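Chemist: The amino acid sequence is not available; the structure is as follows:
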Ligand code: B12
Ligand code: B12
Ligand SMILES: Cc1ncc(COP(=O)(O)O)c(C=O)c1O
Ligand SMILES: Cc1ncc(COP(=O)(O)O)c(C=O)c1O
């Protein structure tokens, strides 16, 4: 059964939205008209150019409000989401001890030329994130943090050395889809090297589960992820595999 | 000769623009996907949903960056603009005295249910606007300010009583195009009453010359208008008419 | 914040001057009533309803009494007389008055008989107001309110059901107070529309049913939030007293209500407004509702730097009138605003001085701090930043009620997302500067202190003038908001009636009895 | 702002401790050189160019000398020797060294002869630096600079021509300073790319030609604006000294340059960095360029509340090292940042305390105030508001250089319109609060004062530890930025050489001669 949704501005379904953009033209009446045409060319109706700002002599920045004639069917929008129950530090150690009976091994790195370690550190380091202990702080997890600027081959080699159950990849730099290239390349390499049963997790501020799945990872984690969520996913996945 | 222009985000012609809008769905991965589809439905490419904000339990507010494939031809965008030289208070009084030889009469009002007087007062009252004297302060102009909530018929009657050269209309309320209705109605009425040679000026924060012309006015004035600009337009128009 | 070193003798003088101004109006007020006051009396007796084209029965009653020359004796007299003559209930009496034989022959009934017939009904009438107040206060005590400054937002879709949805969303995003803005120019119509409405311009009609719709939504929502939510509307314009009554029984928490706003900004007749504000405030006091005064508006028509003192003078006058209507300080939400032109150097310092000055002069009052509006532009990013400094002044000076600024102020009535951004932004500023007011001290030789002293002195000077010439003439020559309003000009003068010697109004008697 | 009541004896102790830390590194620095220092010496003698695949001739020269085991005697020795042996010019000598016979047999030439052959060239070399400085200073004196806090913005398109367009637009919108961010990881490559570039990631390559392109744009623009415009780049990473030289001759005004940043945030070897920072700062001092240190970064990897004191300690250390390299206080743009988690209560008070503390401890230094970055989110409206309070702290505490926050900080490198909004927003805040710093006083018993005292005391304690254990071991155990870097770890250690007894470097001699 359909569930049509439209943008909600002032009233239900009015479709009112806000835009801002810059055109390489001097501010003035002509620039304002250009902004209006620009918005109309996007199919917007009832366009109101709220301001024309001189963002330099030959640039104008605009704020525009207009109605989008877009209607989506909410019922049709289904996206994979990480459904793991988030277990506590205690529960997780207990589960591993009881159900897996050996320590879980994870290797993490921020790959490519990306030098942002804070994200992966938040997941792996003792300290953890937002009061939630990092994976290094789990007696039943062996966590190896390779830091930043690690190349894909090196990461996989290390993972095999320590026979990792899961590989944790952080990608912060997204300019010109650096992260896509980089991660795709990693997965291909892993396939070549036949690393079938290792779990691949991708994370970063611009990552979500859907994107990660599309790139061939088992899961993706975005802004605000807590270490325990990650541990929960890994443990559950391992348990699930053991069952089958 | 064509002058193609595109939106300028990070680099020339990249088409990067910003949007924000609200959908009546709870925040989460599914909402984020909906926002992406929403933007794509507008023909946007390379859509990045920068944030999904819970604007209440059943509403999500999004900030989106994406590339608009819109290219306009600047050369084709021609809009009427008020081209009057802005004369000074001194010059204007002198011009009227010398060239017209009698005092210029203007009547102003904020019409309909619109109670916003500040705009029309800024143009007419002694005090003026941003250091520029109001029309009442011109010895060679007779300015009548009818204030706000004035109905169209009353305005025209008054204008005839004082045989006004120009009628100054302020429209601030624009919700549901109140201002369009109201102004159109005024012009029709004026036509019916055969007020051919009176100048009609429209002003307000959402008014521009182009819109005013479309509505049948002689000129339109937007935010930041100064009284001397208005006086200059009226005087020049009167001189022009006398010549012909 | 450490108190600014102002001279309290000047503050005392201002109070005394304002009190005298109000005192000299009281005689006029006591000798007159208005059509809206009389309609309110009828509503208080439970009269409700409207004819098919939405014309309220109370209006019809009052019109008939006026035609019959009986209004000067008070609508209550007619009601009492009809009850005495055998009407089953006030409603039945009112219907006869409105659509039946009308007031024929009532003059023959004695005031004593009429009064006698009203006694129990008067008790019921006050019980309705007191009951609603009790219900509000217990809910409020049970749930508690948010931290001050309270975040006050506006909804204004024109459709009461959209308003309710947005009120819920706002509450979920942290709002403490929700005001439903009225439809453009409702203040100019001389009756209160009937029923739930879905069409309005720049706002939604204020009707009893609309009040219910929003209050019900907030009642539900506040249980979820575990935080009491306050509802606001406008006891302003030609129906000031009636709306006060409807708000009282529908458990509203605050009402925009000002002794001069209607005169200055709606061109409503000064006499009419003075009578109406008095009666409406008597009702408001009984209901325990917080008034919000409208001095913020002055700074939209007058310059906020030059005329800052008019705000202070007006607050003293509003306070004096409110006192005489029995309002305690705790119910006086005096208004002021962050309206200085943003391009002026040190505008932030002047705003700080003014905000702190008001806070200091009116220590027990739930001061209402209002945002920049006139100098906002279509640049929403800039505008949102302006509201950030505004929020900072609000928390730094311990304002009680803060109407959140909207980044789209110069564009449209707030979209749902505009309101959300304002709430989130205010949360950030209030949290980041939570104890700023305990920390701040100002250079005693500096600009802030000097500005506060100057504004207070100018306010005192203006009050001296007003006191000397009297309120009506001051308003007539444009002492406030740069707007001139003659005593006999404006809308609604014909709705003012001189009370006869035997004027009957048991409701007013009861309201005045308390203080 | 009125000075916070901190104990100046603690400040003096911090300075003494930091000076001792630096002093004990100086011996090591004096005994060593690095490949990039030697390449800089060659550049100073005017050596320029690269082979078809962009490999600079100076790198080739140094590699060859290293192979021949001659690097320890200094590249200048080889150059001098070749000139003595008949090379027409330093360039010709370098080409022979790079692509010709190389250093064969040079060891037989005496140091005295080599030195003699360099004398006039050394004079020319310094004249080039001094000439550029003179040109900058006269333009600056003629046009004057904007009011402080100076508005500093970043351009980072990857394409130097877009960068130049955006630098102009920024200047037109009020920017005082424009920094061109470098391409990701340029800091990790051991040579300076050649020519104008149009592709980069997260930034644009730092090359001599790119410096020219931007400087030319700013030279033109500043005449239009009648306001001198400052250009910034990065003397950081493996080519720290070379970039310092290129910036010097291309008239840059500021350089990001830090004694520890490369070690902590780029995992560059500690020894390499210490030597490079010293030589680069000698060049910078001679050129009259303002350095910008990178303590802001600490608060991205460490917590801004717990580790606030590490910023102060590091600033004292950067100051001490800079002093030893001949930099006057007026050229030390020590960095700090508004990085406290925005959800923390009173974060604004703590930021005020920190900003004022830094301003007070380093009174003559052109302090660089940096915005919130780590805790920014994709909500650009909220983010823009955060930057508003940041700007307020900047002007309230008289910061000299202010890197404007971007509402899209968590999303992408700034779009043209992001930068515009930031500039416009800062103008508003700076104007509205122009004299706030003269007005502010803080409660002596309050949170702000207490916080400043606490942070200073903690900084002193940390400096005591660092002084006790020595810089290398402190860095190794993670005393700064929560990052651990062993003395012999990281990139570029192989580029460090112990100077031989007869090491020749007339450029360094001249630079050191002045102080
Ligand atoms: C801190 C920082 C730096 C520090 C990094 C220090 C360090 N050692 O990490 C320094 C100053 C060195 C730096 C440098 C640069 N940076 Co930087 N930086 C940032 C900043 C401000 C914060 C990032 C951060 O620490 N966030 C906090 C952490 C906790 O959040 P997070 O990374 O999202 O991680 C969480 C989740 O994503 C998830 N997660 C992350 N990884 C993983 C992995 C797994 C497996 C899982 C399960 C979860 C997970 O869990 C974490 C906790 O919840 C961002 C802007 C911003 N606000 O995001 C810019 C930013 C990322 N940097 C940027 C740039 C351009 C650079 C430079 C290239 C600039 C330059 N030219 O000098 C350089 C070079 C960097 C390089 N070579 O990669 C851009 C990237 C633009 C883009 N979209 O590509 C940003 C967005 C700033 C900007 N607007 O320009 N940067
Ligand atoms: C001040 C103000 C009021 C004051 C008006 C006081 C008065 N006597 O004027 C008060 C408080 C009474 C008021 C009330 C209301 N207001 Co009002 N108000 C404003 C506000 C904040 C500023 C307007 C202003 O004075 N601008 C300053 C003047 C100088 O600028 P200006 O009008 O643009 O005029 C300049 C130019 O436009 C031009 N110009 C203007 N007129 C003319 C005419 C001619 C001939 C020429 C040549 C030039 C010219 O020259 C002027 C000088 O440069 C705006 C928001 C905003 N920032 O714009 C809202 C705003 C206009 N109000 C609004 C609303 C909804 C209302 C109410 C309906 C709210 C309510 N429900 O209570 C009421 C009722 C008003 C009514 N019945 O019309 C909305 C309108 C929404 C829309 N787009 O339709 C706005 C945009 C606020 C908002 N975001 O909700 N308001
Ligand atoms: C006291 C008061 N009444 C009423 C209003 C609203 O205007 P109106 O109801 O007259 O349309 C305001 C607006 O700020 C106000 O301050
Ligand atoms: C001192 C210093 N150098 C360099 C950089 C830029 O990083 P990199 O040039 O190493 O990519 C920064 C960044 O803030 C810095 O503070």
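Modeler: Nice, thanks for sending it over. None of the values given here were measured: they were computed from a predicted structure. Ligands and ions are numbered 1, 2, ... in the order given.

Chemist: Is any residue of the longest helix seen in chain A near ligand 1?
Modeler: In chain A, ranked by residue count with DSSP state H as the criterion, the top helix is helix A:227-243. Yes. Helix A:227-243 is in contact with ligand 1 by Cβ under 6 Å from any ligand atom, via residue A:230. All C-beta spots, glycine's among them, are computed from the backbone N, C-alpha and C.

Chemist: Which residues belonging to that helix are considered buried?
Modeler: A:227-238 (16 or more other Cβ atoms under 10 Å in any protein chain shown).

Chemist: now swap in stretch C:468-477 and tell me
Modeler: Going by 16+ other Cβ under 10 Å, stretch C:468-477 has these buried residues: C:471-472, C:474-476.

Chemist: just checking, which of these belong to helices?
Modeler: Those of the buried residues of stretch C:468-477 lying in helices (DSSP H): C:471-472, C:474-476.

Chemist: Please give the element, helix or strand, for the residue of chain A found nearest ligand 3.
Modeler: Per Cβ to the nearest ligand atom, the residue of chain A with the smallest distance to ligand 3 is residue A:10, at 18.0 Å. Using DSSP states H and E, residue A:10 falls within no helix or strand.

Chemist: now whichever helix or strand residue C:165 is part of: mean pLDDT?
Modeler: In this assignment (DSSP H and E), residue C:165 forms part of helix C:160-172. Mean per-residue pLDDT for helix C:160-172: 97.

Chemist: Please see if that helix touches chain A.
Modeler: Yes. Applying Cβ under 8 Å from any Cβ of the partner chain, one finds that helix C:160-172 is in contact with chain A at C:162, C:165.

Chemist: Note down every partner strand of the helix or strand following that helix and its orientation.
Modeler: Next helix or strand after helix C:160-172 toward the C-terminus (DSSP H and E): strand C:177-180. Strands adjacent to strand C:177-180 in the sheet, as given by DSSP bridges, are strand C:150-155 (parallel), strand C:230-234 (parallel).

Chemist: what does the longest one rub up against?
Modeler: Contacting residues not belonging to strand C:150-155 are listed as C:162-163, C:166-167, C:170, C:174-181, C:204, C:230, C:232, C:368, C:400-404, C:406, C:413-414, C:419, C:422-423, C:426-427 [Cβ atoms under 8 Å, 6 or more residues apart in numbering or on different chains].

Chemist: circling back: now flag whichever of the ones in helices among the buried residues of stretch C:468-477 is closest to residue A:54.
Modeler: residue C:475 (43.0 Å; Cβ to Cβ).

Chemist: for the nearest residue to the closest one once chain neighbours are set aside, what are its contacts?
Modeler: Leaving aside its sequence neighbours, residue C:475 sits nearest to residue C:485 (Cβ to Cβ, 6 or more residues apart in numbering or on different chains; 5.1 Å). Applying Cβ under 8 Å, 6+ apart, we find residue C:485 in contact with C:263-264, C:267, C:270, C:475-476.

Chemist: Residue C:143 now?
Modeler: Residue C:143 touches C:222-223, C:226-228, counting by Cβ under 8 Å, 6+ apart.

Chemist: in the helix or strand residue C:15 falls within, what counts as buried?
Modeler: Here residue C:15, judged by DSSP H and E, is contained in helix C:8-31. If you call a residue buried by 16+ other Cβ under 10 Å, then helix C:8-31 has these buried ones: C:11, C:14-15, C:17-19, C:21-22, C:25, C:28-29.

Chemist: Let me know the next secondary structure element after that helix.
Modeler: Counting by DSSP H and E, what follows helix C:8-31 is strand C:32-34.

Chemist: of all of chain A, which residue lies closest to chain D?
Modeler: Closest to chain D within chain A is residue A:56: 3.0 Å, counting by Cβ to the nearest Cβ.

Chemist: Let me know the secondary structure of that residue.
Modeler: coil (DSSP: H, G, I helix; E, B strand; the rest coil).

Chemist: burial of it, as a residue count?
Modeler: 24 (other Cβ atoms under 10 Å in any protein chain shown).

Chemist: Distance check, it against ligand 1.
Modeler: 20 Å (Cβ to the nearest ligand atom, to the nearest Å).

Chemist: Could you do residue A:242 as well?
Modeler: 22 Å.

Chemist: Contacts only, for that residue.
Modeler: Each residue near residue A:242 by Cβ under 8 Å, 6+ apart is listed here: A:99-100.

Chemist: who's in contact with the closest residue to residue A:147 other than its chain neighbours?
Modeler: Distances taken as Cβ to Cβ, 6+ apart put residue A:117 closest to residue A:147, at 5.6 Å, once the chain neighbours are dropped. For residue A:117, the contacting residues are A:110, A:147-148, A:170, D:301, by Cβ under 8 Å, 6+ apart.

Chemist: mind redoing it with 6 Å?
Modeler: A:110, A:147-148 (Cβ atoms under 6 Å, 6 or more residues apart in numbering or on different chains).
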